[in-house]
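What follows is a protein structure lacking sequence information:
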């Protein structure tokens, strides 16, 4: 095992630089979170937002209603595609309520 000994001043300088780097990374991440297209959603987030089961989500993928991207075995959805489905469901509910039906 190798041991490296540094002075207290150099250690504190290194810690300060790492703290500044960490702060900068956090700033960048906060800015990215504000962007509309910066974050993709996973299966669990989509099921929660749409209030549907994983099987229903699978059906939406299978019939082409909801676009998705797959990396390895993980599936991701663009938030704007999920919002399109939310608006579609809301519109159908409004139409049904207007006609006096229930969905």
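Yes, it's here. Keep in mind that this is a model prediction, so the values were computed, not measured.

secondary structure element for residue 76?
Remark: residue 76 resides in strand 74-77, with elements defined by DSSP states H and E.

Could I get the full set of strands for this structure?
Under the criterion DSSP state E, strands of the chain are mapped to 41-42, 69-71, 74-77.

Of those, which stretch is the most buried?
strand 74-77 (a mean of 16; mean count of other C-beta atoms under 10 Å). For glycine as for every other residue, the C-beta is placed from the backbone atoms N, C-alpha and C.

Let's have the strands of the chain in TSV, adding mean pLDDT and distance to residue 49.
Below are the strands of the chain laid out as TSV (pLDDT from 0 to 100; distance: least, C-beta to C-beta, whole Å):
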stretch	mean pLDDT	distance to residue 49
strand 41-42	92	7
strand 69-71	92	17
strand 74-77	94	10
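
could these go into CSV alongside distance to residue 6?
What follows is these, written out as CSV (distance: least, C-beta to C-beta, whole Å):
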stretch, distance to residue 6
strand 41-42, 43
strand 69-71, 41
strand 74-77, 41
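
Out of those, flag the one nearest residue 99.
Nearest to residue 99 among the strands of the chain is strand 74-77 (30.7 Å), distances taken as C-beta to C-beta.

Which strands and helices lie in contact with that closest one?
For strand 74-77, the contact count by 3 or more C-beta pairs under 8 Å, 6 or more residues apart in numbering; DSSP states H and E identifies strand 41-42, strand 69-71 as packing neighbours.

OK, contacts around residue 18?
By C-beta atoms under 8 Å, 6 or more residues apart in numbering, the contact list for residue 18 is empty.

what about it, distance to residue 99?
Plainly put, residue 18 is 63 Å away from residue 99 if you go by C-beta to C-beta, to the nearest Å.

what ranges do the helices span in this structure?
8-34, 43-50, 54-62, 79-99 (DSSP state H).

Turn the helices and strands packed on strand 74-77 into a markdown table, columns for distance to residue 50.
Formatted as a markdown table, the entries for the helices and strands packed on strand 74-77 read as follows, by distance: least, C-beta to C-beta, whole Å:
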| stretch | distance to residue 50 |
| --- | --- |
| strand 41-42 | 10 |
| strand 69-71 | 18 |
